[in-house]
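Q: What follows is a protein structure lacking sequence information:
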């Protein structure tokens, strides 16, 4: 599925995973920062090597240094959610009982862990909460992988989004 919302373009794919995004479009993350709100359904637990390379963890969110190589990227499994940022910002922490409470608390909801939220414009209440959060954070991009079969990519840059869409369409799996 493809769509747009405000300044953002989005796509979902059941044929691609986060690794495919990184391989096909490294410019999505290289030179930018990550805020990881979910890694395998929970917080990203940083290794000593990650901490020494500049990663920090605050209030259940892991923040990267500037991504200069894939070696700085975290392990990712299923139910992962990344905000790609152009500059380091503090997201304020994960909302307790994610699913709509964040907009009132200044915190963030984790959408990838909500089974009822598979990025679908037909799921209006969760989609509305998602877009409010995206507009508030204003990330360069959002990437999530729900289970092993549902990738979502949201991007603010129209040229990069077109490249992602094209590269996904022409990649063979």
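A: Structure received. Since the structure is predicted, the reported quantities are computational estimates derived from the model, not experimental observations.

Q: Kindly provide the distance from the residue nearest to residue 44 when sequence neighbours are not counted to residue 90.
A: The shortest distance from residue 44 to any non-neighbouring residue, by Cβ to Cβ, 6 or more residues apart in numbering, is to residue 62 (3.9 Å). No exception for glycine: its C-beta is placed from N, CA and C like everyone else's. From residue 62 over to residue 90 the distance is 12 Å, taken as Cβ to Cβ, to the nearest Å.

Q: Looking at these two, which is more packed in?
A: Neighbour tally, residue 62 and residue 90, criterion other Cβ atoms under 10 Å: the higher count belongs to residue 62, 21 against 11.

Q: Let me see the residues that make contact with the host helix or strand of that one.
A: Using DSSP states H and E, residue 62 maps to strand 61-63. Applying Cβ atoms under 8 Å, 6 or more residues apart in numbering, the contact partners of strand 61-63 are 33-37, 39, 43-44, 46, 55-57, 74, 88, 90-91, 93-94, 108.

Q: Could you point out the helix or strand that follows the worst-scoring helix or strand of the chain on mean pLDDT?
A: Ranking every helix and strand in the chain by mean pLDDT, DSSP states H and E puts helix 102-105 at the bottom, with a mean of 58. Under the assignment DSSP H and E, the closest C-terminal helix or strand after helix 102-105 is helix 124-137.

Q: Give the rounded mean pLDDT of that next one.
A: If you average the pLDDT over helix 124-137, you get 87.

Q: same thing with stretch 9-21?
A: Mean per-residue pLDDT for stretch 9-21: 88.

Q: end-to-end on it?
A: One end of stretch 9-21 sits 15 Å from the other (Cα to Cα, to the nearest Å).

Q: tell me which residues in it are buried?
A: By neighbour count on 16 or more other Cβ atoms under 10 Å, the buried set for stretch 9-21 is 9, 10, 11, 12, 13, 16, 17, 18, 20, 21.
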